[in-house]
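Visitor: mind folding the following:
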Amino acid sequence: MTWPQYRRGECSIDHWIIGLSRAETELLSTLLIRYPAPVTVRDLIEIVYPDPDAEPECPEAQIVQQMSRLTRKIGAFRLENHGRRIGYRLCQFPHDTR
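Guide: You can find the predicted model right below:
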């Protein structure tokens, strides 16, 4: 994800442009910045909902739902879910050179 892509709410994967919601953009950019370390759900909540007063009633469930949508968009093999205590992590796989 480049800075212009971040600003437009998109990313490119294998020459495809993927449109992202604001929350998905924040989640993916945070995972990219913190790669290869996992990011806890609590940290993701603070990134997506920086104002505690504007936080939804069940922010953890919202993050899990948004991460599920993001996983479907970019590919399940690119994200690892280490459970709610440890969090999520991006994976890097070598390209098929056939």
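Visitor: do a quick rundown of the helices in this protein.
Guide: Assigned by DSSP state H, the helices in the chain fall at 3-8, 22-34, 41-48, 59-74, 83-86.
Visitor: could those helices go into a markdown table alongside mean neighbour count?
Guide: The C-beta positions use only the backbone N, C-alpha and C, and glycine is treated the same way. Listed next are those as a markdown table, based on neighbours: other CB atoms under 10 Å:
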| stretch | mean neighbour count |
| --- | --- |
| helix 3-8 | 12 |
| helix 22-34 | 18 |
| helix 41-48 | 18 |
| helix 59-74 | 16 |
| helix 83-86 | 11 |
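Visitor: ok, residue 54 - how many residues close by?
Guide: Residue 54: 7 surrounding residues under other CB atoms under 10 Å.
Visitor: thinking again about what came up before, nearest to residue 14, out of the helices of the chain?
Guide: Proximity to residue 14 (CB to CB) singles out helix 59-74 among the helices of the chain, at 10.0 Å.
Visitor: contact partners of the closest one?
Guide: 11, 13, 18, 20-21, 23-24, 27-28, 41, 44-45, 48-49, 56, 78-79, 81, 84, 88 (CB atoms under 8 Å, 6 or more residues apart in numbering).
Visitor: please apply the same query to stretch 22-37.
Guide: 1, 6, 9-11, 20, 39, 43-44, 47-48, 62-63, 66-67, 69-70, 73-74, 79, 88-90, 92.
Visitor: hey, C-alpha coordinates of it in PDB?
Guide: The C-alpha trace of stretch 22-37 is given here as PDB (Å, rounded to 0.1, in the frame of the first residue of the first chain):
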ATOM      1  CA  ARG A  22     -11.800   3.500   6.200                       C
ATOM      2  CA  ALA A  23     -11.500   0.900   9.000                       C
ATOM      3  CA  GLU A  24     -10.000  -1.700   6.700                       C
ATOM      4  CA  THR A  25      -7.500   0.900   5.400                       C
ATOM      5  CA  GLU A  26      -6.500   1.700   9.000                       C
ATOM      6  CA  LEU A  27      -6.200  -2.000   9.900                       C
ATOM      7  CA  LEU A  28      -4.100  -2.900   6.900                       C
ATOM      8  CA  SER A  29      -1.800   0.100   7.300                       C
ATOM      9  CA  THR A  30      -1.300  -0.800  11.000                       C
ATOM     10  CA  LEU A  31      -0.500  -4.400  10.100                       C
ATOM     11  CA  LEU A  32       2.000  -3.200   7.400                       C
ATOM     12  CA  ILE A  33       3.700  -0.800   9.800                       C
ATOM     13  CA  ARG A  34       4.100  -3.300  12.500                       C
ATOM     14  CA  TYR A  35       5.100  -6.200  10.200                       C
ATOM     15  CA  PRO A  36       6.200  -8.900  11.100                       C
ATOM     16  CA  ALA A  37       5.000  -8.500  14.700                       C
END
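Visitor: since that was my last question, I'll sign off now.
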